[in-house]
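Asks: could you look at this predicted model? Sequence included:
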Amino acid sequence: MSRCLIVPPHILARIAAVGDPRAARAAERALALGSDIHVRREVRSARSGREAGGLGGTGLLPDALRERARRRTPATTATGAAAAPKRSVHDAGHGTALPGRLVRGEGQSAVVDESANEAYDGLGHTFALYADVFGRDSLDGAGLPLVASVHYDREFDNAFWDGEQMVFGDGDGVYFNSFTDSVDVIGHELTHGFTQFTAGLTYVGQSGALNESVSDVFGSLVKQRVLDQTAQEADWLIGDALFTDKVSGSALRSMKAPGTAYDDAHLGKDPQPATMADYQEMPHDEQHDNGGVHINSGIPNHAFYLAATAIGGRAWEAAGQVWFDVLTRGGLPKDADFATFAGATLTAARSRFGEASAELDAVTAAWRAVGVSPGPAPERARVRG
């Protein structure tokens with residue numbers, strides 16, 4: 001798996017080339033740090049997967065966890081108690097050694113540091129979505145502690161999940177604000193951990209774009225639930241609080257209208273396609289974002305938006321449940337392409353809501369609208385006892 005940072009490399013490269021000198025230096029450093037982050041993430045992802053009892057990247061869940069998700073009952077621990085988050089927020093002190101100095105632990109009162117409080121709250125909101133809505137006890141389904149570090153490096157233009165914890169930069173102050181300002185960014189990056197412990201989607205090409213899209217989907221659901229919004233009321237923007245007033249744009253990405261999130265002299269124009277007609281074939285290397293994983297994710301993002309708004313109501317109650325089922329039911333290949341994933345969503349919608357359901361019709365129509373023909377659903381993996 002490559003580095004899963006919220007700001008894609010094409011934006012940083014553009015700023016490094018034509019941006020304000022201070023921001024350009026920050027972007028260059030963020031790009032350089034990305035290679036080290038990638039290696040560290042690979043090691044920590046593999047280790048955390050093994051520590052989770054072999055669930056990482058297999059898509060397999062114990063029967064009790066799957067049944068709880070099916071019933072949409074709140075998560076509980078092995079002792080039957082209600083699941084609760086175990087959060088710790090640390091201050092990296094503008095260095096890169098992690099996690100840094102502990103500044104707020106679980107249950108402790110708010111501190112003076114606004115970034116620490118925003119991170120603490122964002123971890124809690126994300127935990128609550130997975131636990132209360134989907135019956136999952138943290139990212140791994142087994143109560144994984146949620147660790148975050150704020151004030152990473154100096155003027156760091158990114159946030160990321162490194163395989164074990166969340167990391168937030170303060171932004172360059174020219175084009176980017178603090179990366180704890182957007183709760184959907186926190187939900188997005190933590191969801192890379194959820195994907196790590198479930199389907200383990202390979203971070204390249206279409207499976208990589210799906211990995212990014214899943215994070216956008218659940219990051220958006222975190223924000224919508226915090227704001228108590230229906231699918232129709234939501235803005236469907238990812239990172240709407242990240243840009244400073246100097247940027248001509250509303251967010252990093254738009255699930256409602258991919259390709260329209262920003263059009264700025266220094267950041268460039270949002271390159272995301274909304275349908276397969278504009279799919280971008282790119283080399284599968286780091287220089288080209290592993291085949292455009294942050295770009296082509298606009299297509300499955302748009303499919304989710306169309307399905308959720310067609311169903312109506314709160315997006316986490318139906319469309320979100322279908323996507324959750326696909327990630328956790330087992331059998332989804334790590335290298336799943338859009339067609340395979342689409343087929344899996346149809347199977348999940350049919351299984352949960354029925355053959356003649358409005359939910360299945362909405363999911364089917366959504367994939368048709370973005371030009372993806374659903375393939376055969378992957379065979380469900382056998383659950384290990």
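Replies: Yes, it's here.

Asks: how close does Gly173 sit to Glu164?
Replies: Distance from Gly173 to Glu164, counting by Cβ to Cβ, to the nearest Å: 28 Å. From N, CA and C alone the C-beta is placed, and that goes for glycine too.

Asks: which one's more surrounded, the two?
Replies: Between Gly173 and Glu164, Glu164 has the larger neighbour count (other Cβ atoms under 10 Å), namely 20 against 16.

Asks: now that one: phi and psi?
Replies: Main-chain dihedrals, Glu164, degrees, to the nearest 10: phi -140, psi -30.

Asks: mind checking pLDDT for it?
Replies: Model confidence at Glu164, given as pLDDT, is 94.

Asks: same question, Ala75
Replies: Looking at Ala75, its pLDDT reads 83.

Asks: and for Glu359?
Replies: Per-residue confidence (pLDDT) for Glu359: 98.

Asks: show residues contacting the helix or strand hosting it.
Replies: Secondary structure from DSSP states H and E places Glu359 in helix 358-369. For helix 358-369, contacts defined as Cβ atoms under 8 Å, 6 or more residues apart in numbering pick out 275, 302-307, 310-311, 318-319, 322, 342, 345-346, 349-350, 352-354, 373-374.

Asks: now the residues you listed: which count as buried?
Replies: Taking 16 or more other Cβ atoms under 10 Å as the criterion, what is buried in these is 302-307, 310-311, 318-319, 322, 342, 345-346, 349-350, 352-353, 374.

Asks: need the contact partners of stretch 85-104.
Replies: Residues outside stretch 85-104 that contact it (Cβ under 8 Å, 6+ apart) are 33, 36, 105-106, 110-111, 113, 116-117, 119-120, 123-124, 127-128, 131, 138, 143, 145-154, 162, 165, 167, 170.

Asks: quick one: the helices in the stretch 101-250 of the chain?
Replies: Secondary structure of the stretch 101-250 of the chain (DSSP state H, counting those that start in this stretch): helices at 114-128, 183-197, 205-226.

Asks: and the first one, what does it pack onto?
Replies: In this case it means helix 114-128. Secondary-structure packing of helix 114-128 (3 or more Cβ pairs under 8 Å, 6 or more residues apart in numbering; DSSP states H and E): strand 87-91, strand 101-105, strand 146-150, strand 166-168, helix 183-197, helix 205-226.

Asks: helices and strands of the protein: which one has the lowest mean pLDDT?
Replies: Least confident element among the helices and strands of the chain, by mean pLDDT, DSSP states H and E: helix 63-71 (a mean of 46).

Asks: so which of the buried ones among the contacts of helix 358-369 are in helices?
Replies: 302-307, 310-311, 319, 322, 342, 345-346, 349-350, 352-353 (DSSP state H).

Asks: so which strand or helix has the closest residue to Gly124 other than its chain neighbours?
Replies: Spatial nearest neighbour of Gly124, excluding adjacent residues (Cβ to Cβ, 6 or more residues apart in numbering): Pro85 at 5.6 Å. Under the criterion DSSP H and E, no helix or strand holds Pro85.

Asks: per-residue pLDDT of Pro85, please?
Replies: On the pLDDT scale, Pro85 gets 97.

Asks: next, count neighbours for it.
Replies: So Pro85, with other Cβ under 10 Å, has 21 neighbours.

Asks: for Asp140, same thing?
Replies: By the measure other Cβ under 10 Å, the count of residues near Asp140 is 20.

Asks: and what of Val326?
Replies: Using other Cβ under 10 Å, Val326 has 28 neighbouring residues.
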